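1. Compute the structure for the input listed below.
(chains A and B)
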Amino acid sequence: MAEGEKERGGATRLAEKARGVVGAVLGRVTANTLGAQSAKTFVKNAAIGDMYELEAAKLALANAHSPRVKDVAQQMIDDHTTLTHQLRSAMRMNETGDQTSLPTEVDERRKQMLDELRRVPDDEFDKLYLDQQVLAHKETVDLMTGYAARGDNPQLRSVAASGAPLVTRHLRHMERLREELAA
Amino acid sequence: MAFNPLEEQGIPLHKQLRSWSELNSTPYDTEAVHPHTRCRVIAMNGIEIEAIMNSHNAARRIADVGVRQMLADVRRVEQQQQKAVNWLIPAGESVLANTIGYEQVAVDLTAWVARNEPDPYLRQVYEFGLLEDYDHLYRYANLMDLMGERRKAEAVTGDLTEILPGRPTIFHHRHPHDDLRRPMTVQAAHFQSILNGLTVLSAEQQTMNFYMNVGNRPEDPLARALYLEIAQVEEEHVTHYESILDPSMSWMTNLAIHEYNECWNYWSCMQSEPDPRIKAVWELHLGMELEHLRLACEAMKEVEGVDPEEVFPDKGVSAPLVFEPNKQYVREVIARTVQWTGYDSEFVSVDDLPEGHRFFEHQRTVNRDGTPSEQVIDRHRTEFGSEYRFSTEGDHPVESLGISGTTEQSGYPNPSAR
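-> Residues are numbered from 1 along each chain as shown, chains lettered A, B, ... in the order given. Below is the predicted model of the structure:
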């Protein structure tokens, strides 16, 4: 095998491996697994979800090829910052007074996802980012709609109810963008 | 001192309609009125207008003709009440003097609410708005001097409220997203929080309406400019306060809460009103609102299947809202939070905003041709040799604002530079 072919093959194999890892990591976690009714679990997963989105979007602003991917990444920064602030404000209210504090870093699963974004070859970035975004937003939609319907704390149900339509629109947007860019 | 409006007997609705002469209240004497009586008149006008607009909004969204009839019946009386209250303000009280009254309401009403707010986040919401209305009072007071009014602002406010710079008005101009806070829930909030939110919103909304409509009446261009600048801030305040109300409330529950709030407010006015003639207005209107509350609770039960016991505290409310001096409290809030701005639902120091935050672009845009609230102080200094202030408690708690009410000396970050 010629050197160039080895290199291209190596890069391709890395990309395939990354996608495979991502696929395994991103096996969709349902709202039940995320704890649709428990305030403690909702807070943890909502906060981690937002932190992941903000970090992934920063990577996308730096590394994405498509200007449309960069635009959507900026939207994710704006919107997930708003959601982060809404959750933070809720946690300072008496209505949620007995809940645990907010996590300060993402979990192992999201760490792996971010690592994959950092390591993926340049020409694979946009696709990987959008793949991650579709799956991550499906999880977040499940989390928010599930807790809004069945959660055990009224203030946090209100947080979920205010965020659910927004993240649902994010999901639709990501799906549409992924489809259009793949075409 | 407890008050449970659900246990009181109101005036039957068919006996509530009054004649024109009954509604055409004899106004108070603007020179002799107790400043807090003026505040109560201004505040209750706002309460009635919110009741009316809420009823109109409900009527536009509810198809049930029986409910629409009930809303129309009650609303006709609420409109009469609004006239009887607002017509207490005399023609001889200039628009500017009345404006000073409006801002005194904003300061002392919001300060009482903040001090009596059980929720720590919601308390921050009130403290945030408080410092901005406090500054508006100071800017309008300087304008009042410049417009050649026959009296100074302190003659309107009495010695009950200091007139000093708060958070400078120039820095109130935020991106719209940064006025949206986190709502409470009717289900879990302390009931006082619900009354507090609706009361302050009503007052701020009427302030916004007032400036929107009278701001174009002065001839002086700077006066017109100051009113429009501050009117835009009041839009921010209405956005800010309405965003803490529960958006998931159903129409009839919302209506019942509005009526309960009117009862609480009229009862509160009665407790501290020194003018017997005006106290009689509060008492009469309370009698009417008790019946409006009964009708709203009936509708809430029949239409939505919600029992009043599910919404309202079984022992009623214990504390009346009181207009009283809040000087030390306001000073403490200034010292602690004057540098805050909004970032979505949170409050942060301007210094902690990230580079390139939308606040700075917004500031550059609206302030690019100069800022009326700064210009009014500059002009007062030019024409009178100094700013107008009224202080009874010593030096300003923030050194730079003690020196100057314009921000070149303030040490605040220059928005144009970021």
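2. Now do the nearest residue to residue B:308 once chain neighbours are set aside, the pLDDT please.
-> Once flanking residues are discounted, residue B:308 sits nearest to residue B:297: 4.5 Å by Cβ to Cβ, 6 or more residues apart in numbering or on different chains. Just so you know, the C-beta spots here come from the backbone N, C-alpha and C atoms, and that holds for glycine as well. At residue B:297, the pLDDT value in this model is 98.
3. Would you check that residue B:297 makes contact with residue B:5?
-> No - counting by Cβ atoms under 8 Å, residue B:297 stays clear of residue B:5, with 9.8 Å between them.
4. can you confirm the residue nearest to residue B:308 is in a helix?
-> Yes - with DSSP: H, G, I helix; E, B strand; the rest coil as the criterion, residue B:297 is part of a helix.
5. Show me the shaky parts of chain B.
-> B:409-418 (pLDDT under 70).
6. where along it do the strands fall?
-> Assigned by DSSP state E, chain B shows strands spanning B:340-343, B:346-349.
7. backbone phi and psi for the residue lying closest to residue A:180 once chain neighbours are set aside, please?
-> Distances taken as Cβ to Cβ, 6+ apart put residue A:68 closest to residue A:180, at 8.0 Å, once the chain neighbours are dropped. When read as degrees, to the nearest 10, the backbone of residue A:68 gives phi -70, psi -30.
8. Give me the distance between residue A:68 and chain B.
-> Distance, residue A:68 to chain B, using Cβ to the nearest Cβ, to the nearest Å: 21 Å.
9. mind checking how far whichever residue of the stretch 51-200 of chain B sits closest to chain A is from residue A:162?
-> At 3.7 Å from chain A, residue B:182 is the closest residue in the stretch 51-200 of chain B, using Cβ to the nearest Cβ. Distance, residue B:182 to residue A:162, using Cβ to Cβ, to the nearest Å: 9 Å.
10. Residues that sit against both of those two, list them.
-> Common contacts of residue B:182 and residue A:162 (Cβ atoms under 8 Å, 6 or more residues apart in numbering or on different chains): residue A:86.
11. related to what we said a few turns ago, count of neighbours near the residue of the stretch 51-200 of chain B closest to chain A?
-> Residues within reach of residue B:182, counting by other Cβ atoms under 10 Å in any protein chain shown, total 26.
12. who's in contact with it?
-> Neighbours of residue B:182 in contact, by Cβ under 8 Å, 6+ apart: A:86, A:89-90, A:93, A:159, B:121, B:243-244, B:345.
13. Relative to residue B:22, which of those is nearest.
-> residue B:244 (37.2 Å; Cβ to Cβ).
14. neighbours around the closest one, how many?
-> Residue B:244: 27 neighbours (other Cβ under 10 Å).
15. what's the closest non-adjacent residue to residue B:52?
-> Closest residue in space to residue B:52, ignoring its immediate chain neighbours: residue B:78 at 5.1 Å, by Cβ to Cβ, 6+ apart.
16. ok, that neighbour touching residue B:50?
-> No - between residue B:78 and residue B:50 there is no contact under Cβ under 8 Å: 9.7 Å.
17. The two: which is more packed in?
-> More crowded of residue B:78 and residue B:50, by other Cβ under 10 Å: residue B:78, with 27 against 22.
18. what residues are up against the more buried one?
-> Contacts for residue B:78 (Cβ under 8 Å, 6+ apart) come out as B:48, B:51-52, B:55, B:292.
19. Can you tell me which of these has the most neighbours?
-> Result: residue B:292 is most packed of the contacts of residue B:78 (other Cβ under 10 Å), 31 neighbours.
20. Residue B:254 touches residue B:51, doesn't it?
-> No - contact between residue B:254 and residue B:51 fails when scored by Cβ under 8 Å: they sit 11.2 Å apart.
21. Contact residues of chain A facing chain B?
-> Of all the residues in chain A, those in contact range of chain B (Cβ under 8 Å from any Cβ of the partner chain) are A:81-82, A:85-86, A:88-90, A:92-95, A:153-155, A:157-159, A:161-162.
22. How about the residues of the stretch 51-200 of chain B by chain A?
-> Contacts of the stretch 51-200 of chain B with chain A, taken as Cβ under 8 Å from any Cβ, map to B:118-122, B:177, B:181-185, B:187-190.
23. Excluding sequence neighbours, find me the nearest residue to residue B:304.
-> Nearest residue to residue B:304 in three dimensions, chain neighbours excluded: residue B:252, at 4.8 Å (Cβ to Cβ, 6+ apart).
24. Look at residue 138 and say how many residues are nearby.
-> All of this is about chain A. 19.
25. That was the other one, I meant chain B.
-> The local packing of residue B:138 (other Cβ under 10 Å) involves 27 other residues.
26. does it really touch residue B:164, like I thought?
-> Yes - assessed by Cβ under 8 Å, residue B:138 is found in contact with residue B:164 at 5.8 Å.
27. what is in contact with those two at once?
-> Residues touching both residue B:138 and residue B:164 by Cβ under 8 Å, 6+ apart: residue B:389.
28. can you count the residues close to residue A:127?
-> Around residue A:127 there are 18 residues (other Cβ under 10 Å).
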